[in-house]
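> give me a model of this one.
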Amino acid sequence: QVQLVESGGGLVQAGGSLRLSCSASGSIFRINVMGWYRQAPGKQREMVATITSGGSTNYADSVKGRFTVSRDNAKNTVYLQMNSLKPEDTAVYYCHAPMVVSTAGTQLGSWGQGTQVTVSS
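Numbers count the residues shown, from 1 in each chain. You can find the predicted model right below:
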């Protein structure tokens, strides 16, 4: 079974930066889309940014111009560079891959365990 493992969360002051990483384990053939979602306390999980294997990106309006998503296809890893962080960016950030094709078959709806990002004012 393919697993997504995030790293890079933490506590930062407003205006600061953090970089999240998410690596997919296993013998992977293809991951078309990888992305980042976040969930703040008492709120629904929301899309932050997604990226295709070809490099096409999509961002939530709230993070455009501040966050940058990128990926290394050879390493099956996706990154989220977060700059100019605001207290409202505080949330648990989850890595997501809607479909992963590997030697184990096709796995739908993969999520990482989440990493906490806390931005203090």
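> longest strand anywhere in this protein?
Determined from DSSP state E, the single longest strand within the chain is strand 91-102.
> next, count neighbours for P98.
P98: 14 surrounding residues under other CB atoms under 10 Å. Any C-beta I mention is one placed from the backbone N, CA and C, and that applies to glycine too.
> about what we covered before: list the buried residues of the longest strand of the chain.
91-97, 100, 102 (16 or more other CB atoms under 10 Å).
> show me what contacts A14?
Contacts were defined as CB atoms under 8 Å, 6 or more residues apart in numbering; by that measure A14 touches 85-87, 119-121.
> per-residue confidence at it?
A14 carries a pLDDT score of 98 in this model.
> may I have the beta-bridge partners of the most centrally placed residue in the chain?
The geometric centre of the chain, computed from its C-alpha atoms, lies nearest to W36 (CA atoms, centre = their mean), at 2.8 Å. Beta-bridge partners of W36, counted by DSSP bridges, are A49, C95.
> and it, how close does it get to A104?
Taken as CB to CB, to the nearest Å, the spacing of W36 relative to A104 amounts to 24 Å.
> next one: T77
Counting by CB to CB, the gap from T77 to A104 is 19 Å.
> which of these two has more neighbours?
Set side by side, T77 and A104 show unequal neighbour counts under other CB under 10 Å, the larger going to T77 at 18 against 12.
> drop anything exposed from the contacts of A14.
85, 119.
> dump the contacts of A14 to TSV, plus distance to G112.
As requested, those are exported to TSV (distance: CB to CB, whole Å):
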residue	distance to G112
L85	20
K86	23
P87	23
V119	20
S120	24
S121	27
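> tell me where the chain has helices.
For the chain, no helices are identified by DSSP state H.
> hmm, back to that, in CSV: the contacts of A14, plus distance to I51 and pLDDT.
Shown next, in CSV, are the contacts of A14 (distance: CB to CB, whole Å; pLDDT from 0 to 100):
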residue, distance to I51, pLDDT
L85, 20, 98
K86, 22, 98
P87, 26, 97
V119, 23, 98
S120, 29, 97
S121, 30, 94
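> please enumerate the strands of the chain.
Going by DSSP E, the chain shows strands at 4-7, 10-13, 18-24, 28-31, 33-39, 46-52, 57-59, 67-72, 77-82, 91-102, 105-111, 115-120.
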